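In: Sequence and predicted model, in that order:
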Amino acid sequence: APGGEKSTDSTQESAMKKKKKQKKAKGDPKSGQEEESHTCCGCRFPLLFALLQLALGTSVTVLGFLMAGISSSLLVRDTPYWAGIIVCVVALVGFVMLCISYQPDEKTCAQFTVKLLYFLLSALALVACVLAVAFAAHHYLQLTKFTCDTIQESCQCKLDPADPLGRTFVYQDVADCGSLTSLLSLYLLLQMALNLVAALVCLLMCFVVWKHRYQVFYVGVRFQPLTAAQGAGQQV
């Protein structure tokens, strides 16, 4: 009957409208998965690493200035506050990157620029932290072999005291060589540990940014010989 057909059509239309409303309320599952992939424990995944970079950079910087206060003759390479400052700058750029609304495939120029800057600065911070670890390890190994004497508010150290032509390392403004060597050894060990962790975090962030952009590393797989061989096999 015509009345029955109209009633069934109206019920089908109402059911379709309800399904559309439910889809709108739930949202697209793909977009939800994309949003979940950029979150971790309720916050965006890179935010945790940016906070960790800021904490490590601040620690390295403060420790570097404390080391510079031990003796005025310490070289800049032995007080790697410069590595901590670079890591802090990287963390701040990471916060700026997180403030920009996410859009897939870098559709905004600002997003691409900040992401590229963050990647380059992370690579620079990685190199700086590795250098800081190398300098601290070298100084620590020398310090363990030193024979030091306190002479006129300075600590004079030699690798081989029996060698009159051996190089003498002088630490100015030091009252006690024993306290200097113990405190400086502790600071150098802390610098090695902090800079090593900061280098690993920067390396991981470079990998995350690269993988987010390209998904996989391009290794140059050659498909042409395989397709040619398949075509020859099909012709036979």
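Out: Yep, that arrived.
In: Are we agreed that Val170 is in a strand?
Out: Yes - looking at Val170 with DSSP: H, G, I helix; E, B strand; the rest coil, it is inside a strand.
In: Hmm, Ser154 and it touching each other?
Out: Yes - the pair Val170 / Ser154 is scored as a contact, 5.5 Å apart, by Cβ atoms under 8 Å. No exception for glycine: its C-beta is placed from N, CA and C like everyone else's.
In: More neighbours: which of those two?
Out: Legend: neighbour count by other Cβ atoms under 10 Å for Val170 and Ser154, higher for Ser154 (16 against 13).
In: pretty sure that one contacts Ala175?
Out: No - using Cβ under 8 Å, Ser154 is not in contact with Ala175; the gap is 9.5 Å.
In: now the helices for this protein?
Out: Taking DSSP state H, the helices of the chain run over residues 2-26, 29-37, 45-70, 81-99, 109-145, 177-214, 224-235.
In: between these, which gets the lowest average pLDDT?
Out: Here the lowest mean pLDDT among those goes to helix 29-37, at a mean of 45.
In: So for the closest residue to Ala132 other than its chain neighbours, what's the pLDDT?
Out: Once flanking residues are discounted, Ala132 sits nearest to Pro80: 3.6 Å by Cβ to Cβ, 6 or more residues apart in numbering. pLDDT recorded at Pro80 is 94.
In: so how far is Phe207 from Pro80?
Out: Taken as Cβ to Cβ, to the nearest Å, the spacing of Pro80 relative to Phe207 amounts to 24 Å.
In: Compare the two and say which is more crowded by neighbours.
Out: Taking other Cβ under 10 Å, Pro80 and Phe207 do not tie; Pro80 has more neighbours (26 against 12).
In: residues near the nearest residue to Gly94 once chain neighbours are set aside, how many?
Out: Excluding its sequence neighbours, the residue lying closest to Gly94 (Cβ to Cβ, 6+ apart) is Ala50, at 3.6 Å. As a burial measure, Ala50 scores 22 neighbours (other Cβ under 10 Å).
In: Ala50 and Val96 touch, don't they?
Out: No - using Cβ under 8 Å, Ala50 is not in contact with Val96, being 9.7 Å away.
In: so what's Arg167 up against?
Out: 158-159 (Cβ atoms under 8 Å, 6 or more residues apart in numbering).
In: Give me the phi and psi angles of it.
Out: Here is the backbone geometry of Arg167 (degrees, to the nearest 10): phi -70, psi 140.
In: distance of the residue nearest to Ala132 from Cys148?
Out: Computed as Cβ to Cβ, the Pro80 to Cys148 distance reads 23 Å.
In: Leu183 too?
Out: 13 Å.
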